[in-house]
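pasting the sequence and the predicted model now:
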Amino acid sequence: SDSHFPVPISPSDIDHSLHFPTFPNSDENKIRFADVGCGFGGLLVGLSPLFPSKLMIGMELRDKVTEYVKERISALRSANPGEYGNISVVRTNSMKYVPNHFGKGQLEKMFFLFPDPHFKEKNHRRRVISDHLLDEYAYVLGVGGVLYTVTDVEELGEWMRDCLERHPLFEAVAEEELKRDPVVGLLTSATEEGQKVARNGGQTFKAVYRRIVVREDE
Ligand code: SAM
């Protein structure tokens, strides 16, 4: 339960040096990408060399999985000196604590790859994309920031797209732009879940939305 992991009171309460010892704590070195429900960390590992100066964190609820990702990153750092210093992981419940980890407008990208589907109607409130959670994600994403979702569950794909479509602070990223975005390919190829779906020849459903400006932000 939640009592088993520490929760930062605010983003400034996070010990940056523990996560990113090779990046001095400064305004330029804030976490910019968050992989929510990162699982075994394949996306972080794939993104790290593409954006070597961006700090990224995975948020994962399961203790053992989080420990695995920590060890994976530390092994990669040892084997590749000077690399993988920009990725880290934290054990937390992202449905409760996103605003404890990131300040207003801090993030440039948020990822929700193959989230748990929670099929039953009464469990829809456990889904990591919902109207009210999108309010929080809109708060921590800077204007222009991008929220990426992908799933192999068609119904969940529609649900995530519907939530994003009706939210006033998000707008669909155009297909043309997605084709040029180097991150898009990783959505289905980089994570353990994505690779499993690909092996089984399963279909995937993407929804990629941009945080847009409203008058208060200007
Ligand atoms: N994104 C990874 C991938 O594509 O391989 C993992 C997908 S897995 C189906 C969903 C992950 O989300 C699990 O590792 C689970 O523990 C994590 N998760 C579920 N609810 C969460 C929450 N509230 N906060 C953080 N992580 C959560």
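Yes, it's here.

contacting residues for the most centrally placed residue in the chain?
The chain has residue 35 as the residue nearest its centroid, 2.1 Å off, counting by Cα atoms, centre = their mean. Residue 35 is in contact with 41, 43, 44, 56, 57, 58, 59, 111, 113, counting by Cβ atoms under 8 Å, 6 or more residues apart in numbering. (C-beta placed from N, C-alpha, C; glycine too.)

now the strand or helix carrying the fifth one - C-alpha only, PDB.
This points to residue 57. If you go by DSSP states H and E, residue 57 is part of strand 55-60. Extracted C-alpha coordinates of strand 55-60, given in PDB (Å, rounded to 0.1, in the frame of the first residue of the first chain):
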ATOM      1  CA  LEU A  55      15.900  14.000 -17.800                       C
ATOM      2  CA  MET A  56      13.200  11.300 -17.800                       C
ATOM      3  CA  ILE A  57      11.600   9.300 -15.000                       C
ATOM      4  CA  GLY A  58       9.500   6.200 -15.000                       C
ATOM      5  CA  MET A  59       6.700   6.000 -12.400                       C
ATOM      6  CA  GLU A  60       5.800   2.400 -11.400                       C
END
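
name the helices or strands packed onto the helix or strand following that strand?
Next helix or strand after strand 55-60 toward the C-terminus (DSSP H and E): helix 63-79. Secondary-structure packing of helix 63-79 (3 or more Cβ pairs under 8 Å, 6 or more residues apart in numbering; DSSP states H and E): helix 42-47, strand 55-60, strand 87-91.

does helix 63-79 reach the ligand?
Yes: using Cβ under 6 Å from any ligand atom, helix 63-79 reaches the ligand at residue 65.

got the buried residues for that helix?
Using 16 or more other Cβ atoms under 10 Å as the test for burial, helix 63-79 gives 65, 66, 68, 69, 70, 72, 73, 76, 77.

distance check, the fourth one against residue 91.
When distance is defined by Cβ to Cβ, to the nearest Å, residue 69 is 9 Å away from residue 91.

for the first one, same thing?
Remark: distance between residue 65 and residue 91 (Cβ to Cβ) = 9 Å.

before we move on, what about the last one?
Taken as Cβ to Cβ, the spacing of residue 77 relative to residue 91 amounts to 19 Å.

also residue 175?
Taking Cβ to Cβ as the measure, residue 175 falls 36 Å from residue 91.

the two: which is more packed in?
Neighbour comparison, residue 175 and residue 91: the larger count goes to residue 91, with 19 against 8 (by other Cβ atoms under 10 Å).

what parts of this structure come near the ligand?
Within the chain, the positions near the ligand by Cβ under 6 Å from any ligand atom are 37-39, 59-62, 65, 93-95, 113-116, 191-194.

so what pLDDT did residue 15 get?
For residue 15, the pLDDT comes out at 89.

that one: neighbour count?
By other Cβ under 10 Å, the residues close to residue 15 number 9.
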